[in-house]
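Novice: only geometry, no sequence info:
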């Protein structure tokens with residue numbers, strides 16, 4: 001995948017495969033293309049630990065993991081990552097209706113400002129995703 005020697009591990013390759021499955025090739029290609037000497041260690045950790053290990057565990061489905069991530073990213077107010085994980089949730093088969101319900105649930109526990117911000121991100125992401133999927137048909 002990468003010519004960086006530190007990325008030449010089985011766990012990294014396993015993580016890249018899961019990332020591609022959930023987030024899509026374009027997102028992963030952008031992430032890996034943007035790796036620098038400063039960011040390489042973190043990118044390796046995220047890919048191996050999160051995607052190569054945790055996302056591979058059998059107890060939670062990819063849909064359940066995606067739904068949890070939407071809630072947690074709303075709570076953390078991380079709209080950039082939320083956008084990626086909403087797209088991943090849709091790719092994993094989470095319905096638009098469920099994504100909206102997740103945001104409504106977060107309004108009660110995370111506060112309305114966080115939910116409003118996330119809903120804006122969700123609406124934009126779903127609109128972009130619909131266009132992309134429609135263009136692929």
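Specialist: All right, it came through fine. A quick note: this is a predicted structure, and the numbers were derived from the prediction, not measured.
Novice: which residues does residue 43 contact?
Specialist: 31-32, 35 (Cβ atoms under 8 Å, 6 or more residues apart in numbering). Just so you know, the C-beta spots here come from the backbone N, C-alpha and C atoms, and that holds for glycine as well.
Novice: Throw those into a markdown table and include distance to residue 116 and neighbour count, thanks.
Specialist: Output for the contacts of residue 43, formatted as a markdown table (distance: Cβ to Cβ, whole Å; neighbours: other Cβ atoms under 10 Å):
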| residue | distance to residue 116 | neighbour count |
| --- | --- | --- |
| 31 | 28 | 17 |
| 32 | 33 | 16 |
| 35 | 34 | 17 |
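Novice: so which of the residues you listed comes closest to residue 134?
Specialist: residue 31 (25.0 Å; Cβ to Cβ).
Novice: hang on, residue 55 packs against residue 23?
Specialist: No. At 10.5 Å, residue 55 does not count as touching residue 23 under the criterion of Cβ atoms under 8 Å.
Novice: Mind naming the longest helix for this structure?
Specialist: Counting by DSSP state H, the longest helix found in the chain is helix 112-136.
Novice: roughly how far is stretch 118-130 from the heart of the chain?
Specialist: 14 Å (Cα atoms, centre = their mean, to the nearest Å).
Novice: what does the domain assignment say about the protein?
Specialist: The chain breaks down into these domains under automatic domain parsing: 5-56, 62-136.
Novice: End to end on the longest one, go ahead and measure it.
Specialist: In this case it means domain 62-136. One end of domain 62-136 sits 23 Å from the other (Cα to Cα, to the nearest Å).
Novice: Many thanks, we can stop here.
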